[in-house]
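[1] structure of the sequence below:
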Amino acid sequence: PRAGRDERPAAAIPAGVVATLLRYVDVLLASSMKIRIKDLTSGGQRIDVEATFPTPEAYCFQKGLSFVERADPGKKGKDLYYIFDLLSNYPELRTRCESGIPKLKAGFPPKWYARFLADLDRYFKTPESEGAILVEGQRPGGGSDPAFRARVCGVFQDFIKKLKEAEASSASGPY
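    Below you'll find the model as predicted:
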């Protein structure tokens with residue numbers, strides 16, 4: 001993980017492997033799940049492995065924290081498109097993110113969650129906001145599509161609203 005003002009470009013790992021330091025990677029490491037993969041490779045070889053992946057809520061939270069630091073607009077747009085794809089095409093994962101991110105935030109500095117919500121809110125105020133335009137730029141086929149931007153904006157605005165509602169209900173307690 002890259003912490004604070006750490007400007008090292010990479011960290012050396014044994015055996016000559018180089019790993020890029022990433023901000024907010026702690027989120028991915030804090031919430032993971034094991035998935036068994038049983039399939040055939042493209043070469044026809046049978047595989048049966050168990051791999052560890054970040055949970056959908058950790059993935060979404062980490063991408064939502066880190067996209068603003070991307071210098072390349074294409075990579076920033078790709079991060080936002082991945083979040084949009086998850087939220088709009090996988091209802092069970094979206095529900096998991098809406099309930100899981102507020103729980104996940106407890107393990108990290110409070111300013112991270114506040115920044116996560118504020119950045120998404122700022123990038124998706126209207127269909128003409130930077131976030132909607134960046135996601136539109138990642139859409140297969142390309143070209144301007146105001147209806148698509150409106151859909152993107154609506155998906156993010158609804159997601160932000162649900163997260164804020166979850167936060168408000170947890171703050172008010174059960175009574």
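[2] which other helices and strands contact the lengthiest helix in the chain?
    Of all the elements of type helix in the chain, the one with the most residues (DSSP state H) is helix 146-172. Other elements packing on helix 146-172 under the criterion 3 or more CB pairs under 8 Å, 6 or more residues apart in numbering; DSSP states H and E are helix 73-89, helix 91-104, helix 110-123, helix 130-138. Heads up, the C-betas are built off the backbone N, CA and C, glycines and all.
[3] roughly how far out does the third one sit from the chain middle?
    Centroid separation for helix 110-123 versus its chain: 12 Å, with CA atoms, centre = their mean, to the nearest Å.
[4] by how many degrees do it and helix 91-104 diverge?
    140 degrees (axes from the mean of the first three to the mean of the last three CA atoms, to 10 degrees).
[5] mind listing what's buried along helix 110-123?
    By neighbour count on 16 or more other CB atoms under 10 Å, the buried set for helix 110-123 is 112-113, 116-117, 119-121, 123.
[6] residues in contact with that helix?
    24, 61, 64-65, 67-68, 80, 101-102, 105, 129-132, 134, 156, 159-160, 163-164 (CB atoms under 8 Å, 6 or more residues apart in numbering).
[7] from the residues you listed, which would you call buried?
    Buried, going by 16+ other CB under 10 Å: 24, 61, 64-65, 67-68, 80, 101-102, 105, 129, 131-132, 134, 156, 159-160, 163, out of those.
[8] test my guess that residue 162 contacts residue 98.
    Yes: Residue 162 lies in contact with residue 98 (CB atoms under 8 Å); the separation is 4.7 Å.
[9] now the residue nearest in space to the middle of the chain, nearest residue through space, not along the chain?
    Note on the chain: the residue nearest the mean C-alpha position is residue 60, at 2.5 Å, using CA atoms, centre = their mean. Leaving aside its sequence neighbours, residue 60 sits nearest to residue 97 (CB to CB, 6 or more residues apart in numbering; 4.7 Å).
[10] the one you found: what's it in contact with?
    Contacts of residue 97 by CB under 8 Å, 6+ apart are 56-57, 60-61, 86-87, 159.
[11] contacts only, for residue 67.
    Taking CB under 8 Å, 6+ apart as the test, what residue 67 contacts is 76, 79-80, 119.
[12] what pLDDT is listed against the closest residue to it other than its chain neighbours?
    Spatially, and ignoring its direct neighbours in sequence, residue 67 is nearest to residue 79 (3.9 Å; CB to CB, 6+ apart). You'll see residue 79 listed with a pLDDT of 96.
[13] okay, now residue 79: neighbour count?
    22 (other CB atoms under 10 Å).
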